[in-house]
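1. the sequence and its predicted three-dimensional model are supplied below.
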Amino acid sequence: METGCWLLGGEFEDSVFEERRERRPGPPESYRAKRCEPQWFYEETGSSDDVEALTVQKFKGDLAYRRQEYQKALQEYSSISEKLPSTNFAMKRDVQEGQARCLVHLGRHKEALEIATNLENKATNTDHLTTVLYLQFTICSSLQNLEKTIFCLQKLISLHPFNPWNWGKLGEAYLNLGPALSASLASSQKENSFTSSDTAIKSSFPHSGKDCLLCFPETLPESSVEVSSGNKQKSEKALKNIQNHMTEERAAVLLETEMKACASFIRTRLLLQLAQSQQTSFALERNLRTQQEIEDKMKRFSFKEDTLLLIAEVMGEDIVPEKIRDEVHTEVKCVGPAARTTLVIGSSKEFEDKWFRKIKDHFCPFENQFHTEIQILP
């Protein structure tokens, strides 16, 4: 072999040639774990290490949060955030999450959402992103904003499509959204009825003004009264058509949200049934209890058996044991701005088109009712 040549892997560590230390006779020394007294961090540590001092301060903030002393906890977290070096990313994330959760309890949801959005934009792997999305879900749930809560769950599901608990929460959110949308449409219908009624009455009397209201009906010509009566009948017919249309639209919206809730619950049940054989003890008890709760909720829906079978087929298309196993043992993936757009959906419409479009097409007779414009007759 020529001089200077070497074999790949042929080099050795120096420790290989070192002499081994002789073992001392007798039993080995017992391991003594360090014991910390409760609330040890309240004692004066006198540490010169800045990181250790900040860690102790964070423990104080965590304890204040546990005791529901949210203002005190927020002060601790805010103080730490100002002192933390920019390179300590891990503690920075923990502290900011603590700040956001305190702000939620203090009713300062806008500030909490700003922190959560900032954390989402800076997430570097799927674990960080999952934690942030759960934080956003907590904030939106506290705000009782159903649409934003649903969107948070949809983003979580797009990241973890085989998590049954998020699907169950999504089903609950859709159940609550149905009545809320129906009430909103009813309120809109009432406002439109009043506005349309006023417009119809004014159009029946084109010469109405300050003086005209005083002379009606005694001084109006008989022909004018007859024309006005005809216009009034047309207006009443138009109002009735509007009310009927709004009633149909409310029914269609309620049906669509019930379909989405039903589909979410069915997928939850399918995922729980698949995991059931691998569970024992309290995990199995929780699984079976949740399945029974889903059965009880399914009784609220009036879908036919063939419709339920179709929903189960569509929502279970991708459920195979191999995929579930990969999801459970998935590796943490690093993500950047570009990767986030592929992992997490960008809109609620994108999510619903992916998961519910096939089922929604089954209800095609109602499809046009979702987007029909209301036209007021002249």
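-> Cool, got the structure.
2. doesn't Asp306 lie inside a helix?
-> Yes: counting by DSSP: H, G, I helix; E, B strand; the rest coil, Asp306 is found in a helix.
3. what's the local residue count around it?
-> Neighbour count of Asp306, defined by other CB atoms under 10 Å: 9. The way it works is simple: take the backbone N, C-alpha and C, and place the C-beta from them, glycine included.
4. ok, it to His362 distance?
-> 9 Å (CB to CB, to the nearest Å).
5. what's the answer for Lys83, then?
-> Distance from Lys83 to His362, by CB to CB: 58 Å.
6. could you do Glu114 as well?
-> On the measure of CB to CB, Glu114 and His362 end up 41 Å apart.
7. can you check Glu76 too?
-> 54 Å.
8. just Asn231 next, same as before
-> Relative to His362, Asn231 is positioned 44 Å away (CB to CB).
9. over to Cys152?
-> From Cys152 to His362 the distance is 27 Å (CB to CB).
10. quick one: the helices in the stretch 201-350 of the chain, in order.
-> 212-215, 222-276, 281-298, 305-315, 321-328, 337-343, 348-362 (DSSP state H, counting those that start in this stretch).
11. wait, which of the ones you listed is closest to Glu69?
-> Set against Glu69 and scored by CB to CB, the helices of the stretch 201-350 of the chain come closest in helix 281-298, at 31.3 Å.
12. Leu113 against Thr138, yeah?
-> No: using CB atoms under 8 Å, Leu113 makes no contact with Thr138, being 10.8 Å away.
13. lowest average confidence, helix or strand, in the protein?
-> helix 212-215 (a mean of 33; mean pLDDT, DSSP states H and E).
14. rewinding a little: save the helices of the stretch 201-350 of the chain as TSV, and put in distance to Leu106 too.
-> Formatted as TSV, the helices of the stretch 201-350 of the chain follow (distance: least, CB to CB, whole Å):
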stretch	distance to Leu106
helix 212-215	54
helix 222-276	32
helix 281-298	32
helix 305-315	39
helix 321-328	36
helix 337-343	29
helix 348-362	29
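15. out of those, flag the one nearest His160.
-> Across these, the minimum distance to His160, taken as CB to CB, is reached by helix 321-328, at 6.9 Å.
16. give the buried residues for stretch 96-115.
-> By neighbour count, with 16 or more other CB atoms under 10 Å as the criterion, the buried positions of stretch 96-115 are 96-104, 109, 112-113, 115.
17. residue contacts, Gln68?
-> His105 (CB atoms under 8 Å, 6 or more residues apart in numbering).
18. if you count what's nearby, which of Cys152 and His362 comes out ahead?
-> Between Cys152 and His362, counting by other CB under 10 Å, Cys152 is the more crowded of the two (24 against 15).
19. element containing the nearest residue to the more buried one once chain neighbours are set aside?
-> In space, and not counting its chain neighbours, Cys152 is closest to Phe137: 4.1 Å by CB to CB, 6 or more residues apart in numbering. Assessed by DSSP states H and E, Phe137 sits inside helix 126-143.
20. which SSE is immediately downstream of that helix?
-> In the C-terminal direction, the helix or strand that comes right after helix 126-143 (DSSP H and E) is helix 146-159.
21. re earlier: make a markdown table out of the buried residues of stretch 96-115 and add distance to Pro27 and secondary structure.
-> Putting the buried residues of stretch 96-115 into a markdown table (distance: CB to CB, whole Å; DSSP: H, G, I helix; E, B strand; the rest coil) gives the following:
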| residue | distance to Pro27 | secondary structure |
| --- | --- | --- |
| Gln96 | 49 | helix |
| Glu97 | 46 | helix |
| Gly98 | 46 | helix |
| Gln99 | 51 | helix |
| Ala100 | 52 | helix |
| Arg101 | 49 | helix |
| Cys102 | 51 | helix |
| Leu103 | 55 | helix |
| Val104 | 54 | helix |
| His109 | 60 | helix |
| Ala112 | 56 | helix |
| Leu113 | 59 | helix |
| Ile115 | 54 | helix |
